[in-house]
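In: Sequence first, then the predicted structure:
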Amino acid sequence: MSPRKLQKKEQTGELTPRQAMLLGLIVREHVRTAAPVASGGLVKRYGLGISSATVRNEMARLEEMGYLFQPHTSAGRIPTEQGFRYFVERLMEEQTLSPEEQRTIAHQFYQARHRVELWPPLAASILATKTRSAAVVTAPRAVNIRYKHLELISTHGRAVLLVLVLQGGTVEQQMLVLDEPLSQPTLREAADRLNRLYNGLDAEQIAAKLPLLPPLERELSSLVVSMMRRLKEQPADEIYHHGLPQLLQAPEFAEAEESSAELVRVLEERSLLQAVIADALSPNVAIGSVRVLIGGEGKWNELQACSMILTRYGAPAQAVGTIGVLGPIRMAYGRAISVLRFVSGLLSELVEETYAPVVAGDRTVDER
């Protein structure tokens, strides 16, 4: 059962220490059982040293304040969105991953460290498995597209295949037709000269060199600049997700067809996810900072039955991406945030290693 959306109730000050303690226990019990929490069960399970009647009175007060609600007269209480928000901001303790879990996850990324295209699906799989939620991941997107090397392959007559490789592993190909046929050794020499000249440069730095080049190299370089500028203007890459089937088995979605349909829509509609990510993680949000969206935050009707936790990874001057988990509002937030922080840190290290400026001697090659 999902926490209903209540009208905001007037607050009467801070929670007392006992009320805060009880709210934290109620959230943890509801996360564990997916059921309303009764006063007697709390007293028995946690040995509170106070009577069930006292706990009921405090729970009634928490309900008046908007932190709990009672789905049925004879039932226990369930945290509201406001209750979960208070828990996340004031009471939650992050659950550190065990050393064994950390080693296993780090080893998986180590094996894929040279395969940028494998990072998003691997991260999505690990996040979904470790948090028992659905995971969303975007590939690292270079802040500034930088040249690594190109190859020129003679195909037929004057036709040549240009293969452009960028820092981070992106590969682009384009056919061009030269004014006259050239041998493969000649094409290789031209490519070698450009590779020595351009390694680590961005499109504008390459464009600045065009007037100084001989005709063939100027023609090739103009095409390279166009390809790099086009890539920079493209929208964000594909959003990878994993774990939807297991998430749909959660009581909140298995028993509510409308909520499960909304969940599927959230994960399948790329434009919606892009909008949520862009709103939650504005450019001024630091790498590794975690944003928690509970019940759509009043902005996203499609997320009313869900919570989403998002963070960025990468290096601000090199490349950045996003990872997150999506689950019921009854989510194990401490565990999910810990897993996200750890995976974000590993991905950030890989980005720094893969997208770092190429160094020549004591100077980076992109110095002007």
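Out: Alright, I've got the coordinates. Numbering: from 1, shown residues only.

In: As a check, name the ranges of all strands in the stretch 251-368 of the chain.
Out: 290-294, 306-315, 319-328, 359-360, 363-364 (DSSP state E, counting those that start in this stretch).

In: A helix includes Leu176, no?
Out: No: counting by DSSP: H, G, I helix; E, B strand; the rest coil, Leu176 is not found in a helix; it is strand.

In: What's the local residue count around it?
Out: Leu176 is flanked by 13 other residues according to other C-beta atoms under 10 Å. For glycine as for every other residue, the C-beta is placed from the backbone atoms N, C-alpha and C.

In: So what sits opposite it in the bridge?
Out: Here Leu176 sits in beta bridges with Val160, going by DSSP bridges.

In: these two touch, right, it and Val160?
Out: Yes: between Leu176 and Val160 there is a contact under C-beta atoms under 8 Å: 5.5 Å.

In: Of the strands of the stretch 251-368 of the chain, which is nearest Leu42?
Out: Of all the strands of the stretch 251-368 of the chain, strand 319-328 sits nearest to Leu42, with 21.3 Å by C-beta to C-beta.

In: I'd like the average pLDDT over the closest one.
Out: Averaged across strand 319-328, pLDDT comes to 93.

In: strands paired with it, and their directions?
Out: Partners of strand 319-328 in the sheet, by DSSP bridges, are strand 134-138 (antiparallel), strand 141-142 (antiparallel), strand 306-315 (antiparallel).

In: Serialize the ones you listed to JSON lines and add fields for mean pLDDT, distance to Thr96 and mean neighbour count.
Out: Formatted as JSON lines, the strands paired with strand 319-328 follow (pLDDT from 0 to 100; distance: least, C-beta to C-beta, whole Å; neighbours: other C-beta atoms under 10 Å):
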{"stretch": "strand 134-138", "mean pLDDT": "95", "distance to Thr96": "20", "mean neighbour count": "27"}
{"stretch": "strand 141-142", "mean pLDDT": "81", "distance to Thr96": "30", "mean neighbour count": "19"}
{"stretch": "strand 306-315", "mean pLDDT": "94", "distance to Thr96": "17", "mean neighbour count": "24"}
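
In: can you list the ones you listed in TSV and add distance to Glu29?
Out: Formatted as TSV, the strands paired with strand 319-328 follow (distance: least, C-beta to C-beta, whole Å):
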stretch	distance to Glu29
strand 134-138	24
strand 141-142	41
strand 306-315	17
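
In: Please tell me how far Tyr198 sits from Leu310.
Out: According to C-beta to C-beta, to the nearest Å, Tyr198 and Leu310 sit 36 Å apart.

In: nope, Ile337 is what I was after
Out: Ile337 is 11 Å from Leu310, by C-beta to C-beta.

In: so what sits against both of the two?
Out: Listed contacts common to Ile337 and Leu310 are Val290; contacts here mean C-beta atoms under 8 Å, 6 or more residues apart in numbering.

In: show me where pLDDT drops low in the stretch 151-300 of the chain?
Out: The model of the stretch 151-300 of the chain has pLDDT under 70 over residues 234-237.

In: mind listing the helices for it?
Out: Per DSSP state H, counting those that start in this stretch, the stretch 151-300 of the chain carries helices over the ranges 184-198, 203-207, 215-233, 244-247, 251-254, 257-268, 270-280.

In: same deal with the stretch 1-150 of the chain?
Out: Assigned by DSSP H, counting those that start in this stretch, the helices in the stretch 1-150 of the chain fall at 17-33, 39-46, 52-64, 81-86, 99-111, 119-131.
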